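Engineer: below is the sequence, then the predicted model.
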Amino acid sequence: MKLLLLVSLVVGLFSSSQAGEVVLQVEKPWIFAVPPGAKDTAAFMTLVNPGTTPIRLTGGSSPAAGRVAPMITTKSDGRMGMQDVPAIEIPAGGRAVLKPGGDHLMIYDLKAPLKSGQTVQLTLTLEPGGPMIIEVPVSRLEPK
Amino acid sequence: MNGSRPSRWKKLLFPAFLALLIAAGIVGSMLATRDPQKHVHNGLDRLLWRRVEAYNFRLTDHHGRPVELAQFRGKVVVFSFGFTNCPNICPATLSHLAAVREALSEAERDKVQFLFISVDPERDTGERLGHYVPFFEETFLGVTGSEQDLKRVAYEYKASYTREKPKGNDPKNYFVDHTADVFLIGPEGQWELSYPFEELTKTEAIAKDIRKLLARIPAGNP
């Protein structure tokens, strides 16, 4: 509840700064809690684009990590691999679902281990739209 | 006398036919039991049907102790392949498996061993596996071995993995593509089935499969 409120607040700020033209809704963002010593993790969320222009998520940044970049998961014959992509596109009037085993935002070079329950600030870089700051909870599994 | 013969034969025909049917049924079911590939009525009728003798891998656990699949005979074994620098698939797999374990009763949990087989032995030392794997569940065991042993394990389970090219200048900064299925081994050492990654959210269904396998353990087995 608190989270939803926060996200809609951020979206509100965001859309007003963009003259109401670009609006992106972020639903249920979360970051994998990974064991101490793990350098990288991933962030997941559903991005909803109610507008008439496609939006590209080209990456981002976080005070908790060295680098944030979009990545897709490739799958063939039960085998999974990951591939860097320049952006994840959120189609006009559509959505992009970032989830484990699928597209995600890689969070590289964690500055400190992330614990389940804590919240991490994440700035998404959007084209068009620019930066969008969200607060993302750290969790071991997708929050219900 | 002459007239009664054909009618006696007719009377015998039906029981004989019945006997033949029963005999065929018995032989058929015996054959089906002998050939596990045809024995399809154990309830685990979903996903990839295997039920073949599971390859007995010999590897090293995260405490540095030798570990082999056969030592878990009488238990259900659930394992996956991965590597600890895996930021997406492996934490999801291990978190889902931790949820499966959580769904089991205390007594059931004692008869299930979860293993995480690292296919990145160069970076995944015992110490590193010991930090990583028990983070998801303290009874989970991280195991790995030589490149040669791991290739064999993967081959035997129709799995595979490939190290990607390093990113940037750091030769130790690479991903490993790997099979993301989870493997289920029954208490008699049979490879029962494999769950595709997408199925791992079905916590209750997997717990149910494990219970079915546990029900095969003869009573009195410690």
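Structural biologist: That came through fine. Numbering: from 1, shown residues only, chains lettered A, B, ... in the order given.
Engineer: what's the domain layout of chain B?
Structural biologist: B:4-34, B:48-214 (automatic domain parsing).
Engineer: pick the most buried one from those.
Structural biologist: domain B:48-214 (a mean of 19; mean count of other CB atoms under 10 Å in any protein chain shown). Placement of C-beta: from N, CA and C, glycine included.
Engineer: can you give me the helices in chain B?
Structural biologist: B:4-34, B:89-103, B:106-109, B:126-136, B:147-156, B:203-214 (DSSP state H).
Engineer: tell me which of the domains of chain B sits nearest to chain A.
Structural biologist: domain B:48-214 (3.3 Å; CB to the nearest CB).
Engineer: that closest one: how far from the chain's middle?
Structural biologist: Domain B:48-214 has its C-alpha centroid displaced from the chain centroid by 10 Å (CA atoms, centre = their mean, to the nearest Å).
Engineer: and if you look at stretch A:131-140?
Structural biologist: With CA atoms, centre = their mean, you get 7 Å for stretch A:131-140.
Engineer: what comes up buried for that stretch?
Structural biologist: Buried residues in stretch A:131-140, defined by neighbour count with 16 or more other CB atoms under 10 Å in any protein chain shown: A:132, A:134, A:136-140.
Engineer: for B:Arg211, what are its contacts?
Structural biologist: B:104, B:108 (CB atoms under 8 Å, 6 or more residues apart in numbering or on different chains).
Engineer: please apply the same query to A:Tyr108.
Structural biologist: A:39-40, A:65-69.
Engineer: that older thread, need the helices of chain B in JSON lines with mean pLDDT, can you?
Structural biologist: Listed next are these as JSON lines, based on pLDDT from 0 to 100:
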{"stretch": "helix B:4-34", "mean pLDDT": "62"}
{"stretch": "helix B:89-103", "mean pLDDT": "95"}
{"stretch": "helix B:106-109", "mean pLDDT": "96"}
{"stretch": "helix B:126-136", "mean pLDDT": "95"}
{"stretch": "helix B:147-156", "mean pLDDT": "96"}
{"stretch": "helix B:203-214", "mean pLDDT": "94"}
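Engineer: and B:Ala54, which of these is closest to it?
Structural biologist: Of all the helices of chain B, it is helix B:147-156 that lies closest to B:Ala54, at 8.3 Å by CB to CB.
Engineer: give me the residue at the spatial middle of chain B.
Structural biologist: Within chain B, one residue has its C-alpha closest to the average C-alpha position: by CA atoms, centre = their mean, that is B:Leu184, at 1.8 Å.
Engineer: that residue touches B:Tyr195, doesn't it?
Structural biologist: Yes: counting by CB atoms under 8 Å, B:Leu184 does reach B:Tyr195; the two are 7.0 Å apart.
Engineer: hang on, the earlier thing: turn the domains of chain B into a markdown table, columns for distance to A:Leu98.
Structural biologist: Below are the domains of chain B laid out as a markdown table (distance: least, CB to CB, whole Å):
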| stretch | distance to A:Leu98 |
| --- | --- |
| domain B:4-34 | 46 |
| domain B:48-214 | 10 |
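Engineer: hang on, the earlier thing: same for chain B: which of the contacts of A:Tyr108 are within range?
Structural biologist: A:39-40 (CB under 8 Å from any CB of the partner chain).
Engineer: thinking again about what came up before, and which of the buried residues of stretch A:131-140 is nearest A:Lys111?
Structural biologist: Distances from A:Lys111 to those, taken by CB to CB, are shortest for A:Val138, at 13.5 Å.
Engineer: what helix or strand does that closest one sit in?
Structural biologist: strand A:130-139 (DSSP states H and E).
Engineer: counting contacts, what elements does that strand pack onto?
Structural biologist: Counting contacts by 3 or more CB pairs under 8 Å, 6 or more residues apart in numbering or on different chains; DSSP states H and E, strand A:130-139 packs against helix A:2-17, strand A:25-32, strand A:41-48, strand A:119-127.
Engineer: strand partners of it, parallel vs antiparallel please.
Structural biologist: strand A:25-32 (parallel), strand A:119-127 (antiparallel) (DSSP bridges).
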